[in-house]
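# dropping the sequence and predicted coords here.
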Amino acid sequence: VEPISLGLALAGVLTGYISYPRLYCLFAECCSQKQSLSRDALQKDLDSKLFGQHLAKKVILNAVSGFISNPKPKKPLTLSLHGWTGTGKNFVSKIIAENIYEGGLNSDYVHLFVATLHFPHVSNITLYKDQLQSWIRGNVSACARSIFIFDEMDKMHAGLIDAIKPYLDYYDNLDGVSYQKAIFVFLSNAGAERITDVALDFWRSGKQREEIKLRDMEHALSVSAFNNKNMVLQ
Ligand SMILES: Nc1ncnc2c1ncn2[C@@H]1O[C@H](COP(=O)(O)OP(=O)(O)OP(=O)(O)O)[C@@H](O)[C@H]1O
């Protein structure tokens with residue numbers, strides 16, 4: 001094969017690879033890869049991996065699959081998961097991430113922040129706030145379907161929570177960026193005592209754990225939220 005013909009053929013393949021996104025996405029992770037999510041696959045994952053969390057399973061399945069299948073959501077999806085340590089909050093976030101991006105938590109489009117690790121010093125709050133806002137803005141500009149997971153929300157400075165709040169609202173765009181397809185997951189131990197109290201009350205009255213309804217928890221959590229400035233649900 002002549003060098004010129006070979007060069008032209010290679011250039012043609014390269015141009016096709018770069019300009020035809022689906023081809024490119026066969027070899028590299030793409031933001032648009034999983035614009036649709038399999039509800040059945042998510043349900044199967046939740047059923048087979050997550051135990052004892054019937055309420056979380058149901059809410060997460062409906063919220064995540066409904067949100068991803070909506071081509072024009074009015075606001076980002078915000079999930080706030082509460083419970084004692086070791087109840088599966090990080091675990092379920094990983095399941096959600098894996099069902100949206102093949103790389104799961106390692107995906108370029110999934111961002112995990114741990115309050116005590118990433119924002120440890122109260123004296124640096126202004127700096128953290130600027131960095132966090134530009135991180136969110138930059139990543140959503142690059143990929144509208146970005147996922148942000150905030151662990152230890154109950155230990156996060158209230159000023160930083162305020163910095164995130166504008167992105168969770170019904171804005172078409174903020175400074176030229178639309179956040180409506182993004183997903184924010186907040187993990188917190190706040191409200192855990194109330195959740196345990198409700199479960200204990202059900203157990204004491206001889207009821208099954210699965211009989212606990214979302215409204216039983218919502219009431220308990222709203223009381224907790226009212227008394228805790230770091231609860232996102234407020
Ligand atoms: N409901 C559950 N079903 C199945 N496995 C679970 C469940 N809860 C916890 N696990 C297991 O325990 C491990 C630790 O749980 P995980 O890190 O998700 O807890 P957490 O609620 O995020 O705790 P923390 O508040 O300390 O961050 C998980 O990786 C998983 O293997």
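Perfect, thanks for sending it. Residues are numbered from 1 along each chain as shown.
# quick one, strands of the chain?
For the chain, strands defined by DSSP state E occupy the ranges 77-82, 110-114, 147-151, 183-188.
# same list, the ones you listed, but as TSV with mean neighbour count and mean pLDDT please.
Yep, even glycine has a C-beta here, placed from its N, CA and C like the rest. Output for these, formatted as TSV (neighbours: other CB atoms under 10 Å; pLDDT from 0 to 100):
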stretch	mean neighbour count	mean pLDDT
strand 77-82	21	94
strand 110-114	19	97
strand 147-151	23	97
strand 183-188	24	96
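# export the ones you listed as TSV, with columns for distance to the ligand.
Shown next, in TSV, are the strands of the chain (distance: least, CB to the nearest ligand atom, whole Å):
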stretch	distance to the ligand
strand 77-82	8
strand 110-114	9
strand 147-151	6
strand 183-188	6
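# quote the end-to-end distance of stretch 162-173.
18 Å (CA to CA, to the nearest Å).
# in it, what's buried?
163-164, 167-168, 171 (16 or more other CB atoms under 10 Å).
# please compute how far stretch 63-78 lies from its chain's middle.
12 Å (CA atoms, centre = their mean, to the nearest Å).
# with adjacent residues omitted, what lies nearest to A190?
With sequence-adjacent residues excluded and distances taken as CB to CB, 6 or more residues apart in numbering, A190 is closest to D154, at 4.1 Å.
# for this structure, what lies in contact range of the ligand?
Neighbours of the ligand within the chain, by CB under 6 Å from any ligand atom: 50-53, 83, 85-91, 151, 187, 189.
# quick one: which of those is nearest L112?
Comparing these against L112 with CB to CB places D151 closest, at 6.8 Å.
# quick check: chain neighbours aside, which residue is closest to P166?
Per CB to CB, 6+ apart, closest to P166 is L174, 6.2 Å.
# actually I68, sorry about that
Nearest one to I68, counting by CB to CB, 6+ apart, is L37 at 4.3 Å.
# these two touch, right, the one you found and S65?
Yes. Taking CB atoms under 8 Å as the definition, L37 is a contact partner of S65 at 6.0 Å.
# many thanks, I have nothing further to ask.
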